[in-house]
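Trainee: Could you work out the structure for the sequence below:
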Amino acid sequence: MAFNIADSMQVPLLYISTDYVFDGKSPPYAVDTVPNPLNLYGKTKLEGEKVTLEVGKGNILMNDHKCSSKCNINMESVCNIYDTN
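Mentor: You can find the predicted model right below:
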């Protein structure tokens, strides 16, 4: 597993998550925004974030940046899609 490899090499693990961990109601999101996933994909990515932080103090989370600012095309971000409906 990736966690074990990173730990054995004594390097942090980078976990790339998604804007689907948020509900799309209040972008842009701050680092301390409480996640609220609306679907199974978002829920599983949020679980991955939690495990990543639990297994290693130096591990890093990176979320998709598209929730941090408005996109020109609604299909570019789940946040814009929810924002326009």
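Trainee: Quick one: classify residue 31 as helix, strand or coil.
Mentor: Of the three states, residue 31 takes coil under DSSP: H, G, I helix; E, B strand; the rest coil.
Trainee: Equivalent analysis for the one 10 residues further on, please.
Mentor: Three-state assignment for residue 41 (three-state DSSP): helix.
Trainee: can you tell me which residues contact the nearest residue in space to it that is not next to it in sequence?
Mentor: Nearest non-adjacent residue to residue 41, counting by CB to CB, 6 or more residues apart in numbering: residue 20, 5.4 Å away. All C-beta atoms are positioned from the backbone trio N, CA, C, and that covers glycine. By CB atoms under 8 Å, 6 or more residues apart in numbering, the contact list for residue 20 reads 37, 38, 39, 41, 42, 45, 78.
Trainee: Which stretches in the protein count as strands?
Mentor: 14-16, 60-62 (DSSP state E).
Trainee: Check what pLDDT residue 1 gets.
Mentor: For residue 1, the pLDDT comes out at 73.
Trainee: same check, this time on residue 69
Mentor: The predicted local confidence for residue 69 is 51.
Trainee: same question, residue 50
Mentor: As predicted, residue 50 sits at a pLDDT of 95.
Trainee: Next, work out how far apart it and residue 10 are.
Mentor: Residue 50 sits 22 Å away from residue 10, going by CB to CB, to the nearest Å.
Trainee: Then residue 25?
Mentor: For residue 25, the distance to residue 10 - CB to CB - is 40 Å.
Trainee: can you list contacts of stretch 31-46?
Mentor: Identification of contacts with stretch 31-46 by CB under 8 Å, 6+ apart yields 17, 18, 20, 21, 22, 23, 24, 25, 26, 49.
Trainee: Among these, name the ones in helices.
Mentor: Members of those lying in helices (criterion: DSSP state H): residue 49.
Trainee: I'd like a version of the contacts of stretch 31-46 in a markdown table, one that adds distance to residue 6 as further columns.
Mentor: Listed next are the contacts of stretch 31-46 as a markdown table, based on distance: CB to CB, whole Å:
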| residue | distance to residue 6 |
| --- | --- |
| 17 | 16 |
| 18 | 20 |
| 20 | 24 |
| 21 | 21 |
| 22 | 26 |
| 23 | 30 |
| 24 | 31 |
| 25 | 34 |
| 26 | 33 |
| 49 | 15 |
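Trainee: Perfect, that will be all.
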